[in-house]
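Chemist: The following block contains a protein sequence and its predicted model.
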Amino acid sequence: MTAASAEEKKTAPTITVEIMGKTHQVPEGLTMLQAMWHAGHELTRGAGCLGGICGACPSKYTTKEETKIKTALACQTQVEDGMSFSLVASYYPNRKVVADFTEIKDPKQEIFRLYPETALCRNCDACTQACPKGIDVRSGVWKAAFGDFKEGAALFLSCVMCSLCVPVCIADIAPNQVGLYMRRAQGIFFDQECGHLSARLEEIDRGKFDSEWKRLLSLPDEAILAEPRV
Ligand code: FES
């Protein structure tokens, strides 16, 4: 670090936040995750893509103005003065059914066997309010129950499986899992087949790219990065 950048860091405006119950001064403009790192937290779980995609960093927080606990992805949420926050349990238990889709005849009925609680939604909307991706989760669950997989799957497209909707459900539904099931079933049973994708998969099965793949695997990292992009 140069003397100038050290000086800059020393004079950067700081704010006061509470991380897992302990007060810290952190530079303003950081995300929750960056603030945790700045405060010396070693995150062996709870940090992944840092881009709001992997769902590894579900968090809860309050602000100076509002004591109501809110949910967020820690890598996507900037800290503010007076905020109190922590990552939630690194994983919320939620029942994930392993389903063999090749055995399923009627996926819209099967959902009531795999996730029978889907039909018990009481419309409280807590799941929607907990979703850091702004998904209308409650509607998605109702669409699953009524067999509207097309719209339901579309609603859940940006779900990152952070599980923040799970502990708030008073009917013990795991909406994220219901959404994932719907997306898979929609793709397998109802969406139109994509001709280009099928043709490419067939080429892969026939081994058309085997030798090129082997060649790539044999290259060192630098050579792979230097490969022309097609
Ligand atoms: S680290 Fe991947 S969503 Fe936050």
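Modeler: Everything's here; your move.
Chemist: Skipping adjacent residues, who's closest to residue 124 in space?
Modeler: Leaving aside its sequence neighbours, residue 124 sits nearest to residue 170 (Cβ to Cβ, 6 or more residues apart in numbering; 5.9 Å). Where you see a C-beta, it was placed from the backbone N, CA and C, and this is true even at glycine.
Chemist: Give me the number of neighbouring residues for that neighbour.
Modeler: Per other Cβ atoms under 10 Å, the neighbour tally for residue 170 reads 11.
Chemist: Same question for residue 224.
Modeler: 10.
Chemist: Check residue 129 too.
Modeler: Using other Cβ under 10 Å, residue 129 has 15 neighbouring residues.
Chemist: Helix or strand next in line after the one helix or strand it maps to, which one?
Modeler: Assessed by DSSP states H and E, residue 129 sits inside helix 126-130. Sequence-wise, the next helix or strand downstream of helix 126-130 (DSSP H and E) is helix 137-145.
Chemist: domain ranges for this structure?
Modeler: Following automatic domain parsing, one finds the domains of the chain at 3-87, 107-190, 195-226.
Chemist: Out of those domains, which is the most enclosed?
Modeler: domain 107-190 (a mean of 19; mean count of other Cβ atoms under 10 Å).
Chemist: Ends of that domain, what's the gap?
Modeler: 10 Å (Cα to Cα, to the nearest Å).
Chemist: Centre of the chain to it, how far?
Modeler: 14 Å (Cα atoms, centre = their mean, to the nearest Å).
Chemist: try stretch 210-224
Modeler: For stretch 210-224 - counting by Cα atoms, centre = their mean - the centre lies 31 Å from the chain centre.
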